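Colleague: quick one, what's the 3D model for this:
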Amino acid sequence: MESAQTVLPVPKAALWPAPAPLEIPFRLPDLLRLMIRRHRLILGIAAACVALTAYVLMLLPTLYSASAVVMLEQRRNNVADASSVLSSLPTDPTSVQNQIQILTSRDLASLVVDKLGLESDPEFNRPSRFGATNPTLRHEQVVSAFLNRLSVENEGLSTAISIRFKARSAEKAARIANAVAGTYVQSQLDAKFAATRDTTNWLEFRVRDLSRQVQAADAAVEQYKAEHNLSESAGGVPLSDQQIAAISAELLQAKADLAQKQATLSSVKVLTKSGNAADMSQAIASPVIIQLRSQEADLIRSEAELATKYGPKHPKLIAAESQKHDLERKIAQEVTRLAGSLANDVSVSRAQVASLESSLSTAEQQAQAQNFLRVKLKSLEVNAASMHSIYEAFVSRLRSIQDQNAIEASDARVISHAAVPITPSFPQRTLILAGSIPVSLLLGLLIVLFMERFAPAMQVRSPVAQPGVPLLADISGVTHPRAIDLVLDWPDTPYAQTVQRLTTDVLGRASKVLLVTSPQHEQGAAILAISIARAAAKTGRRAALIDANLDAPAMASLIGYTAPRSGLAEVLSGNARLSESMARDGRSHVLLLSSAQARGDANRMFGSAQFAQLLQHLRGSCDLLVISAPAALSESTQLLARHADSVMLVTQAGAAPSEVGSAMTVLAQAAAGPVGLVHAS
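Modeller: Here you go, the predicted structure:
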């Protein structure tokens, strides 16, 4: 076994850490006993509260509540396809809340007040104590009173909004609720009409302005064309381009004709050089040559007949040959004429080609000059076209708005008009009166608990001196388990003040070790020991407790702890450290050293040197060490009394004087310090 010197020393900071707050609950049996003891007071308070509630209910005015329902919907009139000036109301939760704000706005309430003439209704226009004569102020007061009676809320997840109004008259409540719903729907429609009217006025002004701008743009285009002679065809093609195209076509045709005629002329020249000019196609196709060839053929046929008939020297044959030569000469002349005509045609075609080329060059130069001028013309035309487009769009939008103005519909409609209520909505006298009964009983119980909190039923009587007995205090309630909380929770109570006085007396005598016992080991000794330790800790002293009743340790359960894993026996035997075995009071700085389990060797332990060393160590670490001992006549208590600086004997009412006297005698002989008596009842 380890020596006491190696086991017992523990740092002081580890023994007294900062306390952790712990609420000790008020147990149900305590509450039941309190209710039984103070039942008359609780019932009296409840009866007074119920009577007061009934009196107040009789004074409250009767109000009727009527409700109308409007719904937001996105359906729209499809007669016209164009969109409206104002888009349809969205139906998301945020938008629904926005409409609720409109329904509860002062502007809408003011419209309803004016519409129904509520300023003359005494229910809303109550006479002011100060006699306000300002009409505006009086109107605002009526609107405020109106809004106090109005409630608007959303119906679940739908887009329906319930409008509820309270009034002293059932018919008035329904009429005002319907008026609020109707005014809201009409205000939505008026907002659309106002937006459409403003938009129409703006569009008309804009259309007139755009009309002037379109006219000015068109005039600028035409004036520029006239100034620079920029003409176009019906298809928008410039005349210069058309002229160039026509000249180009004529030039191509002329060049083709020239090439053909030049080819024909070359062929004729070749035939002429070869002596076959008559074989050219133009000669063959010429009617004159055809006729001369026909005559030549007839003459050759006639010449052949004459040669056969008359011979070569016959005058007829000679005349025929003369005619033949004459025909050949004519054919040659005609061929020569045709060849000359082809040359003339070639010259004419060449001249025509040159003329067309000159005309084309002139036209191209003119077109090039006009193209530079058409750059600005194009800009003017684009500007004019843009103005036309904008003008037509504005005119189209203006016409669509003018067409829709007559069929505009509101985005909200009344789906349920308020009906005249049959029963009042406020106050629910029967329900309130029935509910006031349990509330009044609860209030009475709370008042009694409050009284118990600040005036507990634990009174202390002044000590009554007895012959030969030093009586320290005569106190009641020490045996109650909750008495240990009075020192912390109710320091102004007589019990707490008496415990504090006893603690001050002990500390004033420089008593560091206090032994608390009783003649028959009643629970009051342990309760008083805990109370004194807590009172010392409350004043900043380092206090510790030792539960020396090893047969039945109870102090751990009194402060709210279960049995520790190690205790006094383990510390003395060296099997556990003192810091690990000390239990900490959750409501104060007090440390408790108890027994982990019931033991029967108390005499051996308390008479050991290790226990003496333990007490010596705690004397140096604590300002006050309180030991809760077994019965005063036991041997273990007498052993403990030898180490105590002072002893308190706690007796209860009904204790036999002989027992008290014997206990006092034994303690006086064994104790190292004075012995005092505390009478508990």
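Colleague: residues touching Ala434, list them.
Modeller: Applying Cβ atoms under 8 Å, 6 or more residues apart in numbering to Ala434 gives no contacts. All C-beta atoms are positioned from the backbone trio N, CA, C, and that covers glycine.
Colleague: doesn't it belong to a helix?
Modeller: Yes: under DSSP: H, G, I helix; E, B strand; the rest coil, Ala434 sits within a helix.
Colleague: CA atoms only: put stretch 368-379 into CSV for me.
Modeller: Presented in CSV, the C-alpha positions along stretch 368-379 are these (Å, rounded to 0.1, in the frame of the first residue of the first chain):
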residue,chain,number,x,y,z
GLN,A,368,-19.6,56.2,-111.9
ALA,A,369,-20.3,59.8,-111.1
GLN,A,370,-23.8,59.0,-110.0
ASN,A,371,-22.7,56.1,-107.8
PHE,A,372,-20.8,58.6,-105.6
LEU,A,373,-23.9,60.6,-105.3
ARG,A,374,-26.0,57.5,-104.5
VAL,A,375,-24.0,56.9,-101.4
LYS,A,376,-25.7,59.8,-99.6
LEU,A,377,-29.0,58.9,-101.4
LYS,A,378,-28.8,55.4,-99.8
SER,A,379,-28.2,56.9,-96.4
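Colleague: flag the shaky bits of the stretch 101-250 of the chain, pLDDT-wise.
Modeller: In the predicted model of the stretch 101-250 of the chain, residues 127-133, 231-239 satisfy pLDDT under 70.
Colleague: 80 - rerun?
Modeller: Along the stretch 101-250 of the chain, segments meeting pLDDT under 80 span 126-134, 225, 228-244.
Colleague: the nearest residue to Ser581 once chain neighbours are set aside in helix, strand or coil?
Modeller: Distance criterion Cβ to Cβ, 6 or more residues apart in numbering; nearest residue to Ser581, sequence neighbours excluded, is Ser566 at 4.5 Å. The assignment at Ser566 comes out as coil when based on three-state DSSP.
Colleague: check contacts around Ser566.
Modeller: Asn575, Ala576, Glu580, Ser581, Ala596.
Colleague: most surrounded residue in the residues you listed?
Modeller: Ser581 (23 neighbours; other Cβ atoms under 10 Å).
Colleague: how close does that one get to Asp551?
Modeller: Distance of Ser581 to Asp551, given as Cβ to Cβ, to the nearest Å: 19 Å.
Colleague: the nearest residue to Val152 once chain neighbours are set aside: neighbouring residues, count only.
Modeller: Counting by Cβ to Cβ, 6+ apart, Leu103 is the residue found nearest to Val152 once chain neighbours are left out, at 4.5 Å. Using other Cβ under 10 Å, the number of residues around Leu103 comes to 23.
Colleague: gap between Leu103 and Ser67?
Modeller: Relative to Ser67, Leu103 is positioned 13 Å away (Cβ to Cβ).
Colleague: and Leu230, by the same measure?
Modeller: 77 Å.
Colleague: could you give the secondary structure assignment for the nearest residue to Asp623 once chain neighbours are set aside?
Modeller: Leaving aside its sequence neighbours, Asp623 sits nearest to Arg541 (Cβ to Cβ, 6+ apart; 3.9 Å). Following three-state DSSP, the label given to Arg541 is coil.
Colleague: number of residues surrounding Arg541?
Modeller: Applying other Cβ under 10 Å, we find 17 residues neighbouring Arg541.
Colleague: the spatially most central residue of the chain: which element?
Modeller: Of all residues in the chain, the one closest to the mean position by Cα atoms, centre = their mean is Thr94, 10.0 Å from it. Per DSSP states H and E, Thr94 falls inside helix 93-103.
Colleague: who are the packing partners of that helix?
Modeller: Helices and strands touching helix 93-103, by 3 or more Cβ pairs under 8 Å, 6 or more residues apart in numbering; DSSP states H and E, are strand 64-72, strand 150-154, strand 160-167, helix 170-227.
Colleague: mind checking how far stretch 29-46 is from the chain centre?
Modeller: 50 Å (Cα atoms, centre = their mean, to the nearest Å).
Colleague: just the C-alpha atoms of the helix or strand harbouring Leu502, please, in PDB.
Modeller: Taking DSSP H and E as the criterion, Leu502 maps to helix 494-508. The C-alpha coordinates for helix 494-508 follow below in PDB (Å, rounded to 0.1, in the frame of the first residue of the first chain):
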ATOM      1  CA  PRO A 494     -34.900  32.600   8.400                       C
ATOM      2  CA  TYR A 495     -33.400  29.100   7.800                       C
ATOM      3  CA  ALA A 496     -30.700  30.400   5.500                       C
ATOM      4  CA  GLN A 497     -29.800  33.300   7.900                       C
ATOM      5  CA  THR A 498     -29.600  30.900  10.900                       C
ATOM      6  CA  VAL A 499     -27.300  28.500   9.000                       C
ATOM      7  CA  GLN A 500     -25.200  31.400   8.000                       C
ATOM      8  CA  ARG A 501     -25.000  32.600  11.600                       C
ATOM      9  CA  LEU A 502     -23.900  29.100  12.700                       C
ATOM     10  CA  THR A 503     -21.300  29.000  10.000                       C
ATOM     11  CA  THR A 504     -19.900  32.400  11.000                       C
ATOM     12  CA  ASP A 505     -19.700  31.200  14.600                       C
ATOM     13  CA  VAL A 506     -17.800  28.100  13.600                       C
ATOM     14  CA  LEU A 507     -15.400  30.000  11.400                       C
ATOM     15  CA  GLY A 508     -15.000  32.700  14.000                       C
END
